[in-house]
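Undergrad: turn this into a structure:
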Amino acid sequence: MVRMTHENNNIGPKIALYEPDIPQNTASIIRTCFCLGAILEIIEPCGFLFSDKRFKRVVMDYLDMEKIIFYKSSEDFFEIKKNQRVILLTTKAKKSYTKFSFKSNDTLLFGRESAGVPKKVHDVVDERLKIPIQNDKRSLNLSTSVAIVLTENLRQNNRI
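TA: The predicted structure follows:
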């Protein structure tokens, strides 16, 4: 089920999920990507099965496995992306996504809900950005974060 062809690199932004572990969030992100025209990429392993009833309840009829690109590991992902810009969204960044100039074909990378991404991923991305939130709060829901940053990318590139 792995699709790693990248013949459509200039279609628009790509959302990459690093080892997602909450089925409802991934399902919601699939719906967001398909509705807004973004490509979804998933770096495995996933912490759930796509047959999970919680996943199916949220994804509804938006799931088209042929339109999702799967990578067996982060090493495979970064090998394919070596000539493309990968932007990590992380609570550990200093720079706000609102102060960044997105390109239409950027890959926006989001970490696991439970653990983010390891240092080795932080070390190889092109940029690290955050969504500013109240100081006494920890983080936003992953699917909300994807929608916020994807919409800004689309807005900056006159795609919405």
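
Undergrad: looking at this protein, which helix or strand is least sure?
TA: helix 53-59 (a mean of 72; mean pLDDT, DSSP states H and E).

Undergrad: can you give the distance of that one from its chain's centre?
TA: Averaging C-alpha positions (CA atoms, centre = their mean, to the nearest Å) puts helix 53-59 19 Å from its chain's average.

Undergrad: same check, this time on stretch 35-44
TA: Centroid separation for stretch 35-44 versus its chain: 7 Å, with CA atoms, centre = their mean.

Undergrad: now do stretch 74-84
TA: Mean C-alpha position of stretch 74-84 versus that of the full chain (CA atoms, centre = their mean) differs by 14 Å.

Undergrad: name the residues of it that are buried.
TA: Of all the residues in stretch 74-84, those buried under the rule 16 or more other CB atoms under 10 Å are 74, 77-78, 80-81. All C-beta atoms are positioned from the backbone trio N, CA, C, and that covers glycine.

Undergrad: so the most far-flung residue of the chain relative to its centre, which of the three states?
TA: Distance from the C-alpha centroid of the chain peaks at Asp136, with 25.0 Å (CA atoms, centre = their mean). Secondary structure, DSSP: H, G, I helix; E, B strand; the rest coil: Asp136 is coil.

Undergrad: where does the spatially closest residue to Lys56 that is not a sequence neighbour fall, secondary structure wise?
TA: Spatial nearest neighbour of Lys56, chain neighbours left out: Ala27 (7.5 Å); criterion: CB to CB, 6 or more residues apart in numbering. Element membership of Ala27 [criterion: DSSP states H and E] is helix 23-36.

Undergrad: got a list of contacts for the very next helix or strand once past that helix?
TA: Once helix 23-36 ends, the next helix or strand along the chain (criterion: DSSP H and E) is strand 39-43. The contact list for strand 39-43 (CB atoms under 8 Å, 6 or more residues apart in numbering) reads 8, 11-20, 26, 29-30, 33-34, 67-71, 73-74, 77, 107.

Undergrad: could you redo the last one with a cut-off of 6 Å?
TA: With contact meaning CB atoms under 6 Å, 6 or more residues apart in numbering, strand 39-43 is reached by 14-19, 33, 68-71, 74, 77.
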